[in-house]
Every structure is written in structure tokens, then in C-alpha cells.
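Asker: Need coordinates for the below:
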Amino acid sequence: MADDILTHSSDKSGILSESSQPVDREPEILSLRPERLSDYVGQPEIVETLKIAIEAAIQRKEPIDHVLFHGPPGLGKTTLAHIIANEMANNITVTSGPALEKGGDLIGILTNLEEGDVLFVDEIHRMPKTVEEFLYLAMEDFAVDFIFDKGAHARSHRYRLNTFTLIGATTRVGLLSAPLRDRFGILRSIDFYGEEDLVKIGRRSAALLEVAVDDEGAIELAKRSRGTPRIVNRLLKRVRDYVQVRADGKITKKTVKEALTLEGVDEKGLTHLDRRYLQTIVEFYHGGPVGIEAISATLQEESDTLVDVVEPYLLKIGLIIRTPSGRKATEAAYRHLGFNVQEKIF
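Answerer: Next up is the predicted model:
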């Protein structure tokens, strides 16, 4: 039964992500990810915690405790999961909460994990409740229960799994049920990166991409990257294209400004969507407070996108605040949009 499930789930459109097959991934994307904790930039407390946990697990010759990473998108949750697998010298299987539609999908994966393997579940908060319940026994006792027949003839068989490590990643830790959250041994929140760390990440990626970048160019790129490594790398590639075609091939402060102006990224790293979000609160709702559903309806954007992608950074840099009545724009937001704070729109 389990073999049939896994055969079905290994289809490209099935349960397992293609990212679980490193050879199938684009070499450039893979090369920008650090593969060891010694190469990882930023989040020093998390790195130190993982170093201790990994070393202790290796000495005891057992898997590391189950790990839950939570925080905004693009901060390195997936990268850390791969690093843990590399440090433990084990394979990693990658899937996501929405892809696990039935209990059989999860059982098919669990029964095919080798001893010490890592199972990484992205967006774990979106896993259906019926599937989540199979994880309880698997995480605690490394077993799953199969139910045969129905009604008076129902029989249960417990199948022993190889010991494994579950690594979950979520942008909405509050949506995880308490029983699941409590079964993780290591819970860590990943925060936005400081400018100094982003400069280091940008320089490392530029070296891997074989493009020259000067000090001012690296700093300007970091300032516009929203405290997020994924965005540093994305913007770096766009600037690389620009300097290759329109400049002398070297990334400077001037070329970063020119390239990112074309991309619609301003000096604070805000995109068109960020600015539209702020303008909606200021112009349509007189600065707030206003509920997220009203903003979502006005912008014609999913509320989850606004909550997970747009709001975390705007909250971090103080352009909006959340109140019991809804979102409000701050004076800093008015200034950034070019409004006179003394003449707020009412």
C-alpha cells in the first residue's frame, strides 16, 4: 500500500517537491544557498543552538530533535533545513502542507524515509487536520497506525518507522495547533536581517555569480532588500543584468539605484504593492484604522498575501501599526509617500 502511495506521490505534480532532488534544481539557485552552518550569515543565536543540537545528536548517534522555524518568507527557513540535513549527513525529503491532502499521502512519505532522514514540510500550518493527526504518533513514537476494514471488522496495525527528523517551516505559527507545536523540540523565530549581514550575503552571492560590486553598491543593495536574504539575491540578479547591458559590468551605488528604479523598488525597499497598500490606508481610509479585509478588497489582493508578505516589513520599519480596530498608517508612512504630516487627509 505504502509503495503504491509513494509511486503516485513522486510524480512531478504530486506530493514530493522537485527540490528534494538536488540534481534537478538549477545550479545557480543551488549555488547561492550556503550548505554548512559555518557559511551561514546572520541569526547567530539560531546557528549556535543548531550547532549544539547537531553535535550532541551526532555524539549520541541519533537524529536531531524535530525543529520548527517560523518567520516571514525569504529569511532562510528552507536553507536551514537543508543545512541540518547536510550537517547530519542524511537525505532530505521536501514537501509542503497544502500538498499533503490525505493521510495516505503523508504515510507514503514516512514509510519510505531511511534511518536518520530529514522530512521538511514547508507551510506546515496549511496541513489538513486529518493529516496532522498522523504526525502526532510519528513524531513521538516513530510509528503510524493502519486501519483495516470498517465497522465491527475494523482492525488496527501499528507500523514502525525509521527514526527521522521533522523540520517544519511556517509564516503563521499562530495557526499551528497546540498538540503539533508542542511536539517540536526546537522552536526558533527567524527575524529580519541587519544591513551588515545583508551586505555580507550580497557580496558572497556576487562572488558566486562572478560579478564585481563595490562597497557603496553592496550597501545600497542591502538597504533596498527589506531585511531579507532572498530579496538580496533576487535584486542582485536584476542589477547584474542591468550593469551587463547598460554599464561596465560593475555594480555601484549609481547602477543599483538606476536598476532598482526600473524594478519599482524605492530607497526603503518598498515595491509597487507596498506603496499601493500604504496609499490605500492613507487615501481611501484616511490613515486608518481599517481592517485587512477592507484593504484586501480595495487592492484586489489576497489578504494572506498582505499579511504574510507585505505587512511584516512595514511593521518592522514602523510605517504601519496594528490596533484592535485595524491597521493605521504612521507619520513615517505619510512622509515616505510625500504627504505633509501636518495636513493629513481626513
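Asker: how about low-confidence regions in this structure?
Answerer: 1-31, 148-154, 341-346 (pLDDT under 70).
Asker: how does the protein divide into domains?
Answerer: The record's domain parsing of the chain by automatic domain parsing lists 2-189, 195-263, 272-343.
Asker: Make JSON lines from those and add mean neighbour count to it.
Answerer: (Each C-beta comes from the backbone N, C-alpha and C, glycine too.) Shown next, in JSON lines, are the domains of the chain (neighbours: other C-beta atoms under 10 Å):
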{"stretch": "domain 2-189", "mean neighbour count": "16"}
{"stretch": "domain 195-263", "mean neighbour count": "19"}
{"stretch": "domain 272-343", "mean neighbour count": "16"}
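Asker: Backbone dihedrals for the residue lying closest to residue 288 once chain neighbours are set aside, both of them.
Answerer: Of all residues not flanking residue 288 in the chain, residue 328 sits nearest, at 3.6 Å (C-beta to C-beta, 6 or more residues apart in numbering). Here is the backbone geometry of residue 328 (degrees, to the nearest 10): phi -130, psi 140.
Asker: Kindly provide the distance from residue 225 to residue 257.
Answerer: Between residue 225 and residue 257 the distance is 14 Å, computed by C-beta to C-beta, to the nearest Å.
Asker: what do you get for residue 321?
Answerer: For residue 321 relative to residue 257 (C-beta to C-beta), the value is 30 Å.
Asker: for residue 340, same thing?
Answerer: Counting by C-beta to C-beta, the gap from residue 340 to residue 257 is 26 Å.
Asker: cool, and residue 185?
Answerer: To residue 257, residue 185 is 46 Å away according to C-beta to C-beta.
Asker: close enough to count as contact, residue 190 and residue 73?
Answerer: No: applying C-beta atoms under 8 Å, one finds residue 190 not in contact with residue 73, separated by 10.3 Å.
Asker: so residue 168 sits in a strand?
Answerer: Yes: according to DSSP: H, G, I helix; E, B strand; the rest coil, residue 168 belongs to a strand.
Asker: Offset the numbering so it begins at 39, please.
Answerer: In the new numbering, first residue 39, that becomes residue 206.
Asker: Name the nearest residue to it, sequence neighbours excluded.
Answerer: Nearest residue to residue 206, sequence neighbours excluded (C-beta to C-beta, 6+ apart): residue 162, at 3.8 Å.
Asker: Next, the contact list for the one you found, please.
Answerer: 106, 135, 206-208, 214, 218 (C-beta atoms under 8 Å, 6 or more residues apart in numbering).
Asker: Can you lay out these as CSV showing distance to residue 73?
Answerer: Shown next, in CSV, are the contacts of residue 162 (distance: C-beta to C-beta, whole Å):
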residue, distance to residue 73
106, 22
135, 25
206, 21
207, 18
208, 23
214, 28
218, 29
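Asker: Show me which of those residues is closest to residue 178.
Answerer: Nearest to residue 178 out of the contacts of residue 162 is residue 218 (C-beta to C-beta; 11.2 Å).
Asker: who does the helix or strand hosting that closest one touch, helix- and strand-wise?
Answerer: Per DSSP states H and E, residue 218 falls inside helix 216-219. With contacts taken as 3 or more C-beta pairs under 8 Å, 6 or more residues apart in numbering; DSSP states H and E, helix 216-219 sits against helix 167-179.
Asker: helices and strands around the helix it packs on, which ones?
Answerer: helix 141-148, strand 181-186, strand 203-208, helix 216-219.
Asker: Go through the ones you listed and name the closest to residue 321.
Answerer: Once the helices and strands packed on helix 167-179 are compared by C-beta to C-beta, strand 203-208 is nearest, at 33.4 Å.
Asker: Relative to the closest one, what are the paired strands and their orientations?
Answerer: Here strand 203-208 has these sheet partners by DSSP bridges: strand 105-108 (parallel), strand 156-160 (parallel).
Asker: what does that strand rub up against?
Answerer: Applying C-beta under 8 Å, 6+ apart, the set of residues contacting strand 203-208 from outside is 101-108, 115-116, 118-119, 122, 126, 128, 154-163, 173, 176-177, 214, 222.
Asker: Let me know the angle separating that strand from helix 141-148.
Answerer: Orientation check (axes from the mean of the first three to the mean of the last three C-alpha atoms, to 10 degrees): strand 203-208 against helix 141-148 gives 130 degrees.
Asker: chain center to strand 203-208, what's the gap?
Answerer: Here strand 203-208 is found 11 Å from its chain centre; the criterion is C-alpha atoms, centre = their mean, to the nearest Å.
Asker: what does stretch 348-362 give?
Answerer: 19 Å.
Asker: for the helices and strands packed on helix 167-179, which one sits closest to residue 300?
Answerer: With C-beta to C-beta, the closest approach to residue 300 among the helices and strands packed on helix 167-179 belongs to strand 203-208: 32.1 Å.
Asker: Do I have it right that residue 202 meets residue 158?
Answerer: No: at 10.8 Å, residue 202 does not count as touching residue 158 under the criterion of C-beta under 8 Å.
Asker: what do the two both touch?
Answerer: Taking C-beta under 8 Å, 6+ apart as the contact rule, residue 202 and residue 158 have no neighbour in common.
Asker: Which one, of the helices and strands packed on helix 167-179, ends up nearest to residue 355?
Answerer: strand 203-208 (22.8 Å).
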